[in-house]
Structures are given as C-alpha cells and as structure tokens.
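J.: quick one, structure for this:
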Amino acid sequence: MSSHPSIDSLCASSGLRKVCPGIKCFFALYCMVLSVAGNSPWMGFFLAALLSGTTLLVGKISPGSYLRLMSIPLGFLLISCLTLLVDMGQGGLWHGSLLGISLCITKVSLSQAALALGRSLGALCALYFLSLSTPVPEIIGILKKLHVPSFFTGLMYLVYRCIFILFSMHHSMKTAAKSRLGFGDYHTSLSSVGKIYANLLHRSYNSAMEMFHAMESRCFQGEITFYEFQKYKTTKKQKLLFAVTSILLLILFIFLSQKESL
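T.: I've put the predicted structure just below:
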C-alpha cells in the first residue's frame, strides 16, 4: 500500500466525521451551485478558500495530504484554463509568437479563463469537502433517501472500491519493479512500464471476477445494502451555523453577480 493515507482513512480521522452527512451533502451541493452559477470568478475563489480552510482547520486534514489529492485535478484545470487564456491573433494585453503562430491574451480571454477557473475551483473544493469528511457508504445512504435507483448507487460503490484496488495493485507492482532495478535506464523502464500495465489489466479482470463470485455467494440480488452503524443527531448550533452560512453566501453571490467578472 502507499505510504500516503487513503481517502477512507482521512474520512475516519476528520474532525467533521460526526456531523450529520445530510447537512454536509446539502452544503457541498449548495456551494457547487453557487460556484457554477455565478458570473464572477471571485465567488468561486471565495468558496474555494472557505471550503479548503474548513477541510484543513476544522476537518484536521494535513495540508500535504490535501495538496497531494488536489494536485492531479488542479493540474488538468490549469491546463484547461490556459487554453482559454491564450488566443490566436495579435494585440490585446499581450501578444507573441510560438512556432510562427501569433498568440495573444485579450481582456475577453482573460475574463473567460478566470471565470472558468473560479467556477471549477469552487466546485472542486466543495467535492473534496464532502469526500474528505463523509465516507462513501454514508453518501450512498443519503442518495437512497433521495430515491436514487439502487443500480446507480451500487455501481458507484463498486467503481469507487475498484479504483483503490487498482491503485494498490499498481503500487505493489511498481515497488517490486523498483526493488529489482526495473527503472535503471530508459529501455528497462519502458519495458517495466509495459509489463506492469499488462499485468495490471490481467489482475484487474481476475479481481473483478472474484468480486462478482463473492457477491453471488452471498446471495447478491442486484442491490448492495449498508448497515447504518450510527444515528447522527443534528444540534441546534449546527443547524444555526449552516443556515447563517448559507444565507451569507447567498447574499455574497447576489452582490458579486452585480459586479463585472474582472
């Protein structure tokens, strides 16, 4: 297994673990809607700072683990915003050339890139706020209460588990290859990577079949049922805090919607 803590272990140790999952799901969805629906990037940036601070300070998640989890989606996000920022042509706030192609940054492209970055970053931090404080079985329990079909919730859980099984397999095979000097030079590394992913495909298929047979042996009828170990009691203080925060965010959303994007 990787030396870094998994999402499950971070959820179990979160300071927000004992907060009612229904409130956390509603607040995360509420923040996502405010972030995506806003016409100002500052709403998304503010929500990203608020939710990240809550996850780190109240949830007691280490900054290193949080940044490690955020690095991959944030990298894709920055690349996507860069394609919106740079346009073909001349003039604007900046212009230059690359391989004989005239490139420029205009006020419109800068506004579009900032808006996309703010919206996406706010929604991303809302998802991490929920996923790092609420275990998947509890999220599935909320979805069942909302009458989401059991087919989708069961598929959601199986895909979630299989992803981490694949990560564990990949980490074990990569560690084994490193211990045998499988990455000593370029050609050896290329061969090791090919063998790792070929073996990963074969083992993932076998693991999926074993999982299916295990579910069938336990009388699987198309629905995965989770036992609710704990009943959460929402205090008046928690209800008041989330209500006041939601109202203040709505006021800020309305105020920023009347301003220019940049």
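J.: pLDDT wise, what is Phe226 at?
T.: Note on Phe226: pLDDT of 66.
J.: sorry, slip of the keys, the one I care about is Cys219.
T.: pLDDT, Cys219: 77.
J.: tell me the SS of it?
T.: Following DSSP: H, G, I helix; E, B strand; the rest coil, the label given to Cys219 is coil.
J.: again, but for Cys104
T.: Following three-state DSSP, we place Cys104 in the strand state.
J.: and for Gln112?
T.: Quick answer, by three-state DSSP: Gln112 is helix.
J.: spatially nearest residue to it, not counting backbone neighbours?
T.: With C-beta to C-beta, 6 or more residues apart in numbering as the criterion, Gln112 has its nearest non-adjacent residue at 5.1 Å, and that residue is Leu84. No exception for glycine: its C-beta is placed from N, CA and C like everyone else's.
J.: list the buried residues of the host helix or strand of the one you found.
T.: For Leu84, the host element (DSSP states H and E) is helix 63-85. Neighbour-count burial for helix 63-85, counted by 16 or more other C-beta atoms under 10 Å, picks out 65-66, 69-70, 77, 81, 84-85.
J.: ok now it, how far from the chain's centre?
T.: Offset of helix 63-85 from its chain centre (C-alpha atoms, centre = their mean, to the nearest Å): 11 Å.
J.: helices or strands up against it?
T.: With contacts defined as 3 or more C-beta pairs under 8 Å, 6 or more residues apart in numbering; DSSP states H and E, helix 63-85 has these neighbours: helix 107-131.
J.: output the contacting helices and strands for the helix it packs on.
T.: helix 21-37, helix 41-53, helix 63-85.
J.: any chance of these in JSON lines with mean pLDDT and distance to Thr188 as columns?
T.: Output for those, formatted as JSON lines (pLDDT from 0 to 100; distance: least, C-beta to C-beta, whole Å):
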{"stretch": "helix 21-37", "mean pLDDT": "91", "distance to Thr188": "45"}
{"stretch": "helix 41-53", "mean pLDDT": "93", "distance to Thr188": "41"}
{"stretch": "helix 63-85", "mean pLDDT": "87", "distance to Thr188": "26"}
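J.: those helices: which one's closest to Ala123?
T.: helix 21-37 (4.7 Å; C-beta to C-beta).
J.: what's the angle from that closest one to helix 41-53?
T.: 150 degrees (axes from the mean of the first three to the mean of the last three C-alpha atoms, to 10 degrees).
J.: what residues of helix 21-37 count as buried?
T.: Using 16+ other C-beta under 10 Å as the test for burial, helix 21-37 gives 21-25, 27-28, 30-32, 34-35.
J.: now the helices and strands packed on helix 107-131 in JSON lines, with distance to Thr225?
T.: Putting the helices and strands packed on helix 107-131 into JSON lines (distance: least, C-beta to C-beta, whole Å) gives the following:
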{"stretch": "helix 21-37", "distance to Thr225": "17"}
{"stretch": "helix 41-53", "distance to Thr225": "31"}
{"stretch": "helix 63-85", "distance to Thr225": "29"}
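J.: ok, which of those comes nearest Leu181?
T.: Closest to Leu181 of these is helix 63-85 (C-beta to C-beta; 26.8 Å).
J.: relative to helix 41-53, how tilted is that closest one?
T.: 160 degrees.
J.: distance of Leu124 relative to Leu240?
T.: For Leu124, the distance to Leu240 equals 28 Å [C-beta to C-beta, to the nearest Å].
J.: same question for Gly184.
T.: 61 Å.
J.: same thing with Thr153?
T.: According to C-beta to C-beta, Thr153 stands 31 Å off from Leu240.
J.: which one of the two has more residues nearby?
T.: Thr153 (21 against 10; other C-beta atoms under 10 Å).
J.: and that one, what element?
T.: helix 150-179.
J.: gap between the strand or helix carrying Gly194 and the chain center?
T.: Assigned by DSSP H and E, Gly194 belongs to helix 186-217. Its chain's C-alpha centre and that of helix 186-217 lie 25 Å apart, by C-alpha atoms, centre = their mean.
J.: between it and helix 150-179, how big is the angle?
T.: Using the same axes, to 10 degrees: helix 186-217 against helix 150-179 is 140 degrees.
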